[in-house]
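# Need the 3D shape of this:
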Amino acid sequence: MMICPEHEGRLLPGAADPIWEAVPLHLRQQLRGPAHELVSPAQGPLKAQERRPLLSVVRAASRMRMTGAHWILLLTTDRQAFGSPRSRRAQRLYAVLEQVAAQHVAPDGDQGAGPAVRRDGAQLKESGPPSSTH
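Model (predicted):
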C-alpha cells in the first residue's frame, strides 16, 4: 500500500521542483520525531542492508535536512518498509507522510522543474506521460 492509494498513479513533482523546499515547517517538524524514533537506533526493516538508502533518507528527515529526492523516496515507499503493521513508530511516520501528500504535494498535471515521478516511483520521460498501451 502506498500513501493515499486512491491517488495511485498521481504525479509527484520532480526532485528539483521548488515545491519540496516549501514543505511547511510544521509538517517537517511532525516528521522529525517519528523519523528519529525509527533510526535511533534503526528499527525493524530499516536495519536490513538492502534498506540502507531508505534508512539514510529517514535519518535526513530526523535532522530536517530533506531534498526533493528524499521526499519522493519517502512518499513512494511502501508502508511495510518502515515497520510491521503493528509498529506505532512506523505508523506515526507514515501518518505524517500522508499529511504531506494530502496537504502539500501539487495536484495532478501541475509539473514544475525536473521530470515528473509517478506515485509508484517510476520516472516519466521528458516528452510526457507514458502511453496507455500495455
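# all contacts plus neighbour counts: C-alpha atoms, from now on.
Fine.
# what ranges do the strands span in this protein?
Counting by DSSP state E, the chain has strands at residues 11-12, 117-118.
# Compare the ones you listed and say which comes out lowest on pLDDT.
Lowest mean pLDDT within those: strand 117-118, at a mean of 49.
# buried set for stretch 86-99?
Under the neighbour-count criterion of 16 or more other CA atoms under 10 Å, stretch 86-99 has 89, 90, 91, 92, 93, 94, 95, 96, 97, 98, 99 buried.
# If we only consider those, which is nearest to residue 61?
residue 93 (10.0 Å; CA to CA).
# how much space between the closest one and residue 74?
Separation of residue 93 from residue 74 (CA to CA, to the nearest Å): 10 Å.
# Ok, residue 19 next?
From residue 19 over to residue 74 (counting by CA to CA), the distance is 15 Å.
# how about the buried residues of stretch 86-99 in JSON lines, adding pLDDT and distance to residue 69?
Output for the buried residues of stretch 86-99, formatted as JSON lines (pLDDT from 0 to 100; distance: CA to CA, whole Å):
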{"residue": "89", "pLDDT": "91", "distance to residue 69": "23"}
{"residue": "90", "pLDDT": "93", "distance to residue 69": "20"}
{"residue": "91", "pLDDT": "94", "distance to residue 69": "22"}
{"residue": "92", "pLDDT": "94", "distance to residue 69": "21"}
{"residue": "93", "pLDDT": "94", "distance to residue 69": "18"}
{"residue": "94", "pLDDT": "93", "distance to residue 69": "17"}
{"residue": "95", "pLDDT": "93", "distance to residue 69": "20"}
{"residue": "96", "pLDDT": "93", "distance to residue 69": "17"}
{"residue": "97", "pLDDT": "93", "distance to residue 69": "14"}
{"residue": "98", "pLDDT": "90", "distance to residue 69": "17"}
{"residue": "99", "pLDDT": "90", "distance to residue 69": "18"}
